[in-house]
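A.B. asks: Build me a structure from this.
(chains A and B)
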There are 2 protein chains.
Amino acid sequence: MSISLGPGAEFDRIRAIAATLGARARGLGDDCALVELGAGTVALSVDASVDGVHFRRDWLAPREIGWRAAAGALSDLAAAGASARGVLVAITLPRDDPAELPAELMAGVGAVADSVGAAVWGGDLTAGPVLSLAVTVVGEASRPLRRGGASPGDRLWVSGTLGGARAALLAWLDGRDPDPGARARFARPEPRTGLGQWAAAAGATAAIDLSDGLAGDAGHLAAASGVRLVVELDRLPVGPGVAREAASAGEPPPTLAARGGEDYELLFTLPAEVEPTGAPVPLTAIGRVERGEGVRLVLEGTDVTLQSFDHFR
Amino acid sequence: MSISLGPGAEFDRIRAIAATLGARARGLGDDCALVELGAGTVALSVDASVDGVHFRRDWLAPREIGWRAAAGALSDLAAAGASARGVLVAITLPRDDPAELPAELMAGVGAVADSVGAAVWGGDLTAGPVLSLAVTVVGEASRPLRRGGASPGDRLWVSGTLGGARAALLAWLDGRDPDPGARARFARPEPRTGLGQWAAAAGATAAIDLSDGLAGDAGHLAAASGVRLVVELDRLPVGPGVAREAASAGEPPPTLAARGGEDYELLFTLPAEVEPTGAPVPLTAIGRVERGEGVRLVLEGTDVTLQSFDHFR
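C.D. replies: Purely as a prediction, here's the structure:
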């Protein structure tokens, strides 16, 4: 099989998996697997959250850890333009953790699932050296969105605001309490389920959710679509707490926002003639699709280079 | 919601999760979630395998770790009488592990999936302090089997042989090389997908896969069905390497086999008048269903008590 991802050590490993599996693997390299099951197209995705990697237990309450882990997976369904029907959760936790911890984690999972109309379908509970949650999500897509499909001339749109989750993270890593708005973006991100379905109906040509940061995720959309994306960083809708963290880091707020992952907003392309009226979340036009490859990030008229998150770099 | 599981600290935590989620949780406490999706009933399950808990890396090759992790999840589909259509795998692994490890793990996942007609639909790859795989499996069930449904008078059947995986584990824990047959039972268990579909068509009234050991898993089937199971341990089909390990532990081979989990054989009930002809795996009648509750284990005419595996005890 062929697989189109942007550069990075994590994605090198995924390419090697695809090469090993050959025809047995289908649909790797999109946000969701999209399979014909029963009478319709079913969308599935899985995302793991690991203590010390994706969150720290002194930053978040157990309900927030559960919410955030499930929101990240539900965001993949949103990017596919799918509904959210159900979630399954494998929890691994140390034997000496409080006996009520799994139920508290699952209260958060249940709350975010409920917020987008999904049920908790099942799970697995096992002992292990570190707390982690692997969340599988299942939905239905009558008109699935994929990363591939953007065409030269399309406009590039992003939902909500960017960088809030990263602003919270930077404050915590620096030993400070984050801005409350930034903390909420990290602790309780909202899956853009309604927006994804709206974008699919509006004729979006490609979509991805921003889990690793705009800089890297835009690269995946560009690679899958075989196009170049031009992003005007000055147009980025900057999230809560970003200005303060940018000032303290000595970088422009838009580059901090563009490097920030885990806001779980959607990045998608629409034909230039489509005006996004009636979207359930505020949208911002941040660039365009051109012939070529890769992502060109422009700040105040100058090209800039940014690194995004890679687990294996 | 109500949930019926046998006793144990792990199952206390699952009961607390079900109580917290209330109506948002459906189908917890069976091997699979069974949901109406598209036109049919879809079966889903998730299982985590953690280094140092479910396997050790000096015992198994990476392909075997992948095979075994996926086989355990596919076994849940088999217990539901479902086909196996696809798997999704969330892999967490240390940053300094060899870059080729994920592809080797997934080669094993792909091989066992292929052996039962399933494809690899997707996954997630993340860094973390310990290697773990959370495998989600999806299938279709036209006539789903559940743990509840056994009636007094039914006969109790088990597939294949029991205790081989435990015999391998005991040898490794004692610093010895396991019997090759026992090792194969641990490293490459075969999901009983065909048997589960055969049992559903043959009129099985209840089924469960033996992942925690007959002693405990029979308790779940009894609780879900609201019956008592009587198991004649002398009839148990004892697996490879069990006699030797039992001799060295000074216990009868059938009790070692009954305490052994992770052979991934199926335990199911059939009406007394049904003779299991044409099953794709050898079957053994090991007991009967009575009015009452719990599990009565009988060895040479005497009741015995055994503990099965519990992650949180």
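A.B. asks: what secondary structure does the residue of chain A positioned farthest from its centre sit in?
C.D. replies: The centre of chain A is farthest from one residue, A:D96, which by Cα atoms, centre = their mean lies 32.2 Å away. Three-state call for A:D96 (DSSP: H, G, I helix; E, B strand; the rest coil): coil.
A.B. asks: all strands in the stretch 1-150 of chain A, in order from the N-terminus.
C.D. replies: When assigned using DSSP state E, counting those that start in this stretch, the strands of the stretch 1-150 of chain A occupy the ranges A:33-37, A:40-50, A:86-93, A:119-127, A:132-140.
A.B. asks: what's the answer for the stretch 201-313 of chain A, then?
C.D. replies: A:206-209, A:228-232, A:266-270, A:283-290, A:294-299, A:302-304.
A.B. asks: how about these, which one is nearest chain B?
C.D. replies: strand A:206-209 (13.1 Å; Cβ to the nearest Cβ). Every residue, glycine included, has its C-beta placed from N, CA and C.
A.B. asks: Distance from the chain centre to the closest one, please.
C.D. replies: 9 Å (Cα atoms, centre = their mean, to the nearest Å).
A.B. asks: do the same with stretch A:100-112
C.D. replies: On Cα atoms, centre = their mean, the centre of stretch A:100-112 falls 21 Å from that of its chain.
A.B. asks: Please apply the same query to stretch A:225-240.
C.D. replies: On Cα atoms, centre = their mean, the centre of stretch A:225-240 falls 15 Å from the chain's centre.
A.B. asks: Show me which residues of it are buried.
C.D. replies: A:225, A:227-233, A:236-240 (16 or more other Cβ atoms under 10 Å in any protein chain shown).
A.B. asks: What's the mean pLDDT across it?
C.D. replies: Taken as a whole, stretch A:225-240 has an average pLDDT of 96.
A.B. asks: Ok, stretch A:191-199 next?
C.D. replies: Regarding stretch A:191-199, the rounded mean pLDDT is 97.
A.B. asks: Just the C-alphas of that stretch, formatted as PDB.
C.D. replies: Extracted C-alpha coordinates of stretch A:191-199, given in PDB (Å, rounded to 0.1, in the frame of the first residue of the first chain):
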ATOM      1  CA  PRO A 191     -14.300  17.700  19.600                       C
ATOM      2  CA  ARG A 192     -15.500  19.500  16.500                       C
ATOM      3  CA  THR A 193     -18.000  16.800  15.600                       C
ATOM      4  CA  GLY A 194     -20.700  19.100  14.400                       C
ATOM      5  CA  LEU A 195     -18.300  21.200  12.500                       C
ATOM      6  CA  GLY A 196     -16.800  18.200  10.700                       C
ATOM      7  CA  GLN A 197     -20.200  17.100   9.500                       C
ATOM      8  CA  TRP A 198     -21.000  20.700   8.500                       C
ATOM      9  CA  ALA A 199     -17.800  20.900   6.500                       C
END
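A.B. asks: does that stretch come close to chain B?
C.D. replies: No: if you take Cβ under 8 Å from any Cβ of the partner chain as the test, stretch A:191-199 misses chain B, and the best it gets is 15.7 Å.
A.B. asks: got the contact list for that stretch?
C.D. replies: For stretch A:191-199, the external contacting residues (Cβ atoms under 8 Å, 6 or more residues apart in numbering or on different chains) are A:71, A:74-75, A:77-84, A:112, A:115-117, A:145, A:159-160, A:207, A:209, A:264-266, A:268, A:270, A:278-281.
A.B. asks: Per-residue pLDDT of the residue in the stretch 151-300 of chain A that chain B sits nearest to, please?
C.D. replies: Residue nearest to chain B within the stretch 151-300 of chain A: A:S211 (10.2 Å; Cβ to the nearest Cβ). Here the pLDDT value assigned to A:S211 is 90.
A.B. asks: cool, and A:A33?
C.D. replies: According to the model, A:A33 carries a pLDDT of 65.
A.B. asks: How about the residues of the stretch 51-200 of chain A by chain B?
C.D. replies: A:52-54, A:85-86, A:88-92, A:95, A:99-100, A:102-104, A:106-107, A:110, A:113-114, A:119-130, A:132, A:134, A:136, A:138, A:140.
A.B. asks: Just the buried ones among those, please.
C.D. replies: A:53-54, A:85-86, A:88-92, A:102-104, A:106-107, A:110, A:113, A:119-130, A:132, A:134, A:136, A:138, A:140.
A.B. asks: that older thread, can you put the strands of the stretch 201-313 of chain A in a markdown table and add distance to chain B?
C.D. replies: Formatted as a markdown table, the strands of the stretch 201-313 of chain A follow (distance: least, Cβ to the nearest Cβ, whole Å):
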| stretch | distance to chain B |
| --- | --- |
| strand A:206-209 | 13 |
| strand A:228-232 | 24 |
| strand A:266-270 | 19 |
| strand A:283-290 | 26 |
| strand A:294-299 | 22 |
| strand A:302-304 | 27 |
